[in-house]
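>>> One predicted model, sequence on top.
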Amino acid sequence: MARFDPPAVPKPAFWPELVLPRPPDDAAWLALTIRMEAGAERWEGKLAVAYVIVGRARRTKASIVDTVLKAWQFSAWNTEEPTRKLLDTIPPELWAECYFAGLAALGGFLPDPSRGASHYLNPVATAKARRAKGWSPYPDWATDPADKERLDERRITAWIDNHVFMAVD
């Protein structure tokens, strides 16, 4: 069988920048996650969430996107999570704040308000969702070994607005 070589077609000078959008980079994935996880929190809360994500990515030697999309790690990306609808419209000021929080954590430009936390949760929302499924109120990593109904206070590094930050690793 004869080989068929298609005719040479010159690649347009504008290819691909003006034809295909660039995929989001780590900073954008970080900002999107901050928006969904802590968009209603104060600046310190957004920055603390950013530091947890960046720290976890560095400890596992994974990219930010692999870290935030890993199953059951950041609830905003879970399939049934309604907070993803918040990505349809992000006010410019909120996007800027989330993006800058991510950049600050990526570069270590500001002190970490989570004080080195590896995990965080909203205890009220978590307990409500887990109890609705018939589970204990908190995940195992957050519970007091002596009382599964309570948070392990020894692991708490910060409490910022609605989130409790914990050193678990």
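Alright, I've got the coordinates.

>>> In contact with the closest residue to Lys148 other than its chain neighbours, which residues?
Nearest non-adjacent residue to Lys148, counting by Cβ to Cβ, 6 or more residues apart in numbering: Ser136, 4.7 Å away. C-beta here means a position set from N, CA and C on the backbone, and glycine is covered the same way. Residues in contact with Ser136 (Cβ atoms under 8 Å, 6 or more residues apart in numbering) are Arg130, Thr143, Lys148, Glu149.

>>> I'd like those laid out as JSON lines, including secondary structure and distance to Leu30.
Shown next, in JSON lines, are the contacts of Ser136 (DSSP: H, G, I helix; E, B strand; the rest coil; distance: Cβ to Cβ, whole Å):
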{"residue": "Arg130", "secondary structure": "helix", "distance to Leu30": "26"}
{"residue": "Thr143", "secondary structure": "strand", "distance to Leu30": "28"}
{"residue": "Lys148", "secondary structure": "strand", "distance to Leu30": "32"}
{"residue": "Glu149", "secondary structure": "strand", "distance to Leu30": "33"}
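
>>> Most neighbours among those, which one?
Highest neighbour count within these: Thr143, with 17 neighbours (other Cβ atoms under 10 Å).

>>> so that one makes contact with Arg154?
No. Taking contacts as Cβ atoms under 8 Å, Thr143 lies outside contact range of Arg154: 11.4 Å.

>>> number of nearby residues for the closest residue to Ser118 other than its chain neighbours?
Distance criterion Cβ to Cβ, 6+ apart; nearest residue to Ser118, sequence neighbours excluded, is Asp169 at 4.4 Å. Residues within reach of Asp169, counting by other Cβ under 10 Å, total 12.
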